[in-house]
Structure formats: C-alpha cells, structure tokens
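J.: here are the coordinates; sequence isn't available:
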C-alpha cells in the first residue's frame, strides 16, 4: 500500500514538473510524449478520459467564408503509417489501439486533405468548420493531432466556442515536411465551468483555421490531418450529488 502511494506521488510530481516546464518538454520525442500520456490515462483513469474528436475516416467539414480561388477538402488514403520513420509508425499503431478502446473505432486508413490557394500571404486566412459542432463534456486538459505539412510559415488553429464566443487556440506553425504528432496543454482558462452537473457546459469544437504568412509564396498548399483527440479532466463533476440533475 505504501509503495503504491509512493508511486502515485512520484507520478504526480513528474506531472507537476511537466506542466510547470511545458516549453522545455516540447523537445521530448513523440514516443516519450505518447508513453507519458498513456501512463497518465492508466494511472488516473478515474479522472481523465479520452474524447475522440475526429478519426478523419469521413469528411465532417466544409470551408467557411471561401476566397474566390479554388480550395478543396477531401479524404485521402494516407496516414502516419506511411511515414519513413519507424518510431512514428510505432506510435501511430499504439495510438490506434488506445483510441479503439475509447471511441469504438474500426478503421484508420484515411486522413483529411486540406488544399488551399494563397493569393496574398498574411491576408488570406482559411476556416474549415464542422457541419455540426462537437460538444466537449468536461474540462479540456490536452489535445493531440497528427499533421502532415509541406513546410510553410502558415499557422494552424483549433476553433472552440466558449460562453457563446469563438476562441482560437494556436497549435502549430507548419514549418516541417512530413508527418508530425502535435500535443499540447490547454490554457487553464480555456473552458467555461458548467452550472453544477449541466451537460456540455464547457465548450464546443467548431473546426480549424489556417493563417497564412507573407514569408510564403503565392500558390497552392496542402495539409493533412489525422487522429485528433482530447484528454478531458472530469474531476470537477465528481462530487457528492452529481448524479442529481440540477434544474435551477
């Protein structure tokens, strides 16, 4: 019992350091990040849950406020399993097992291809939104998404609705080539506390936004997305009487 308590304390202390030095830990390998996250979910299964936002096996998105130039959203048979790096293939396979347990998912063969034309860098911005928003039932703690980029200075944002207002969360500057697993921690104020146990009181996921840069040339660009999920903290609704519906 004492050993178990010590291990739990040690793991909590490590998580504290992880949160405290978030900038430093971004240099961790993708495998280290995944193993730490998997350990967190196993150790604190009563607190953290996984919400699979999109496996990108179907296209749930459409462009919003389209510029006049042609753009497209389509599913392609390309995933991180096609990566030339064995570590990324291994992580994706491990993550597939993890997500299958949480989301009752069966296929992991496709990703979403976003093709867009930049006429004027730093002026053309692109929003592609879900046809129906995704309600987030608990407080968001971490996000994970795989992104395939062809190297640009464009920035990718997640779009949420909190208290009736849109809020953008910057998650990556697309300055690499190939697949990359992006993982990050939500700001502590990035949610709306629901009224006691009211369902879906925290936020809604609306879609994505790409902001272009004046450093890039005019022309077509493409980004692929795969395996997008959130780690949610449900501790704020674990209190005596939570099972009683609040009608006030």
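T.: Great, that's in hand. The structure displayed is predicted, hence computed values, not measured ones.

J.: all helices of the protein, in order?
T.: 2-20, 22-25, 30-43, 86-103 (DSSP state H).

J.: name the helices or strands packed onto the lengthiest strand in the chain?
T.: For the chain, the longest strand by residue count, based on DSSP state E, is strand 219-233. The contact analysis (3 or more C-beta pairs under 8 Å, 6 or more residues apart in numbering; DSSP states H and E) places strand 219-233 against helix 30-43, strand 48-54, helix 86-103, strand 111-118, strand 139-150. Yep, even glycine has a C-beta here, placed from its N, CA and C like the rest.

J.: wait, which of those is closest to residue 165?
T.: Of all the helices and strands packed on strand 219-233, strand 139-150 sits nearest to residue 165, with 15.9 Å by C-beta to C-beta.

J.: flag every buried residue along that closest one.
T.: The neighbour-count check on strand 139-150 (16 or more other C-beta atoms under 10 Å) flags 139, 140, 141, 142, 143, 144, 145, 146, 147, 148, 149 as buried.

J.: doesn't residue 79 make contact with residue 226?
T.: Yes - when contacts are counted by C-beta atoms under 8 Å, residue 226 is listed as touching residue 79 (5.6 Å).

J.: low-confidence regions, this structure specifically.
T.: 1-27, 65-70, 104, 193-201, 236-248 (pLDDT under 70).

J.: at 80 instead, please
T.: Within the chain, the ranges that satisfy pLDDT under 80 run 1-28, 65-70, 103-106, 191-202, 236-248.

J.: neighbour count for residue 226 and residue 79, which is higher?
T.: Using other C-beta atoms under 10 Å as the criterion, residue 226 and residue 79 rank with residue 226 on top: 24 against 21.

J.: kindly state the beta-bridge partners for that one.
T.: Residues in a beta bridge with residue 226, per DSSP bridges, are residue 146.

J.: same question for residue 139.
T.: For residue 139, the beta-bridge partners under DSSP bridges are residue 233.

J.: how far away is residue 93 from residue 80?
T.: Separation of residue 93 from residue 80 (C-beta to C-beta, to the nearest Å): 9 Å.

J.: great, nothing more from me.
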